[in-house]
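J.: following is a predicted model, sequence given first.
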Amino acid sequence: MSRVFDAAEVAKHNTPESCWVILYGKVYDVTNFLSSHPGGVKSILRLAGKDATEEYDPIHPPGTLEENLKPEQCLGTVNPESLPKPAADAQKSEEKSEGPPPMETLLNLNEIEQVATKQVSRKCWAYYYSASDDLISKRLNNEVYRSILLRPRIFIDVSKCDLSTTLLGHKVGLPIYVSPAAMARLAHPSGEAGIAEACRSFGAAQVISNNASMTPEQIVKNAAPDQVFGWQLYVQVDRQKSENMLARINKLPNIKFVVLTLDAPVPGKREDDLRSDSTGAKLPVTSAESKKDRNDGERMPDGTPALKSGGVGVQLFAGTESRLTWKDTLPWLAKHTKLPIILKGLQTHEDAYIASQFTPQIKGIILSNHGGRALDTAPPAVHTLLEIRKYCPEVFDKLEVWVDGGVRRGTDVVKALCLGARGVGIGRPALWGLGAGGVDGVKRTLQILAEETRTCMQLLGVGKVEDLGPQHINTRIVEQQIYDGPSNLTGFRAAKL
């Protein structure tokens, strides 16, 4: 018979030698799991002896408990009457007292972000907003579009303007897709499934994050028959985990391609996320802890080094493989999926050229600096687009080239398309939309971008996405900033890699 515990009894088990947590009304002994927890030891120990449900639920897909804990680690249930009453968060209550405004009153993506910032938790805001070091790449991702000027034409009938296009041969309603963005349920309970619902309304494609807070099956459950999804893959050190996930993805007909992410083999230093840490609060560092850090760090009861918590971003990267290569990784991937592969995170023309040598397995590339969240001062996608046009324009004929990072206006979308991008991704804007108004907030985000994109095209004198080209923009200012060294392409052939 399952035992019923008082919360006071559970609270005594709050050390690395005896660590219990309460999840969904059940009591778990996670002592033996501490050393293997991907998010680090501290993230569990902070909640040891407590009800961890509120912290756990938004960032763990259903089934995570069953996959990682043995049945005997569930010790019983907790008496709900014994749990402490949650303390009111005065500041959060004050911010939310009036609730969000009607979504139709928000006129641009910046306003949506401002509303979301007031609605979501500090931990959520820090994870979404944060970028590496001084946020230079994050800011430049957006600012670079301001430096490209448009060239409108006149006396052209633009009464009809069609935003539809194709991505990897699949028809979509917009050239705008949702980039892989993790932990959507931090912003709203509908999570990634809510984003999928919004995308369905516009016929937009969605790339599901490897670190989604819902299972892929949940996310695509209510998809339209022709709705297009991709699956982002971070290859794990434990390859079997990646292989098992690919096997699941292969069975979902709405998932049309795999996006292998390469721009963050290790996590960047995201200071806003680090400050909030994994529980949304700073912890004092004791002299004993400082001494440990100066020596060999924390250790588990068995003497093994303890992984440190470092915000949501660092935790999500735990277990990610950093030894991927052209020679070894692509053949491995070919064994486990026949889906088209898109490589995400290319930031130089050299890598774009090399990728073009691996067709037909690789069908596309995404030019991205990970939203400025990996290497600060890395180039924005616009720079890489211009590099490819300068040094190896044939890449556009061999692969589909997509971009993401910094897109906040329909004019940004149009400028990227003019430079040769096939699809233009938004990551943070979808999450901010979710935080501002749930599914309706994401719909409003896509609606604003779609309307701005259409207006821009019409004012340029263009009625179809495929008719956009370099003749519609002036990039002289940005061209002064792009790489101007040797092409470095001599001898680059797939057989020699």
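T.: Structure's in. What do you need? For clarity, every value in this text was computed on a predicted model and none was experimentally measured.
J.: for the stretch 51-200 of the chain, what spans make up the strands?
T.: Under the criterion DSSP state E, counting those that start in this stretch, the stretch 51-200 of the chain carries strands at the ranges 74-78, 149-150, 165-167, 170-172, 176-178.
J.: and the spatially most central residue of the chain, how close does it get to Ser159?
T.: Geometric centre of the chain, nearest residue: Ala181, 2.3 Å, by C-alpha atoms, centre = their mean. Distance of Ala181 to Ser159, computed by C-beta to C-beta, to the nearest Å: 36 Å. C-betas here are computed from N, CA, C, even on glycine.
J.: quick one on the thing from earlier: surely the residue nearest to the centre of the chain is in contact with Gly425?
T.: No: the pair Ala181 / Gly425 is not scored as a contact, 9.5 Å apart, by C-beta atoms under 8 Å.
J.: pretty sure Glu217 sits in a strand.
T.: No: under DSSP: H, G, I helix; E, B strand; the rest coil, Glu217 sits outside any strand and is assigned helix.
J.: what's near enough to touch it?
T.: Glu217 makes contact with Arg248, Leu252, according to C-beta atoms under 8 Å, 6 or more residues apart in numbering.
J.: can we see that at 7 Å?
T.: Glu217 sits next to Leu252 when contact means C-beta atoms under 7 Å, 6 or more residues apart in numbering.
J.: now do the contacts for the closest residue to the residue nearest to the centre of the chain other than its chain neighbours.
T.: Closest residue to Ala181 in three dimensions, ignoring its sequence neighbours and counting by C-beta to C-beta, 6 or more residues apart in numbering: Gly427, at 4.4 Å. Contact analysis of Gly427 by C-beta under 7 Å, 6+ apart lists Ser179, Ala181, Gly371, Asp404.
J.: could you give me the buried positions within stretch 75-85?
T.: Across stretch 75-85, burial judged by 16 or more other C-beta atoms under 10 Å covers Leu75, Val78, Leu83.
J.: correction: stretch 179-193
T.: Neighbour-count burial for stretch 179-193 flags 179-188, 190-193 (criterion: 16+ other C-beta under 10 Å).
J.: how far does it sit from its chain's centre?
T.: Stretch 179-193 has its C-alpha centroid displaced from the chain centroid by 9 Å (C-alpha atoms, centre = their mean, to the nearest Å).
J.: residues in contact with that stretch: which ones?
T.: Applying C-beta under 7 Å, 6+ apart, the external contacts of stretch 179-193 come out as 58-59, 116, 120, 123-124, 127, 194-195, 207-214, 218-219, 232, 259, 312, 316, 404, 425-428, 430-431, 434-435, 438-439.
J.: out of those, which sit inside helices?
T.: Counting by DSSP state H, the part of these found in helices is 116, 123-124, 127, 194-195, 218-219, 312, 316, 428, 430-431, 434-435, 438-439.
J.: chain neighbours aside, what residue packs nearest to Glu479?
T.: Leaving out its chain neighbours, the residue that sits closest to Glu479 by C-beta to C-beta, 6+ apart is Leu386, at 6.2 Å.
J.: check His370 too.
T.: That would be Asp263: by C-beta to C-beta, 6+ apart, it lies 4.5 Å from His370.
J.: what is the neighbour count of the one you found?
T.: Residues within reach of Asp263, counting by other C-beta atoms under 10 Å, total 20.
J.: just the pLDDT for it.
T.: Looking at Asp263, its pLDDT is 85.
J.: is it in a helix, a strand, or coil?
T.: coil.
J.: ok, it - contacts?
T.: By C-beta under 7 Å, 6+ apart, the neighbours of Asp263 are Lys344, Gly345, Gln347, Ser368, Asn369, His370, Ala374.
J.: check contacts around Val413.
T.: Pro175, Ile176, Val407, Val424, Leu449, Thr453.
J.: quick one: it from Gly194, how far?
T.: Distance of Val413 to Gly194, computed by C-beta to C-beta: 22 Å.
J.: what of Arg139?
T.: From Arg139 across to Gly194, the span is 28 Å (C-beta to C-beta).
J.: those two: who's more crowded?
T.: Gly194 (25 against 14).
J.: just give the closest residue to the more buried one, not the sequence neighbours.
T.: Val439 (4.5 Å).
J.: and the pLDDT at the one you found?
T.: Per-residue confidence (pLDDT) for Val439: 98.
J.: quick check: it touching Ala198?
T.: Yes: between Val439 and Ala198 there is a contact at 5.5 Å, judged by C-beta atoms under 7 Å.
J.: hang on, the earlier thing: how many residues are close by the residue nearest to Gly194?
T.: Val439 has 20 neighbouring residues, counting by other C-beta under 10 Å.
J.: tell me how far it lies from Thr445.
T.: Going from Val439 to Thr445 by C-beta to C-beta gives 11 Å.
J.: phi and psi next, for Pro265.
T.: The phi/psi pair for Pro265 (degrees, to the nearest 10) reads phi -60, psi -20.
J.: tell me the contacts of it?
T.: Contacts of Pro265 by C-beta under 7 Å, 6+ apart are Ser322, Leu324.
J.: ok, now how distant is it from Ser132?
T.: Look at Pro265 and Ser132: by C-beta to C-beta, they are 14 Å apart.
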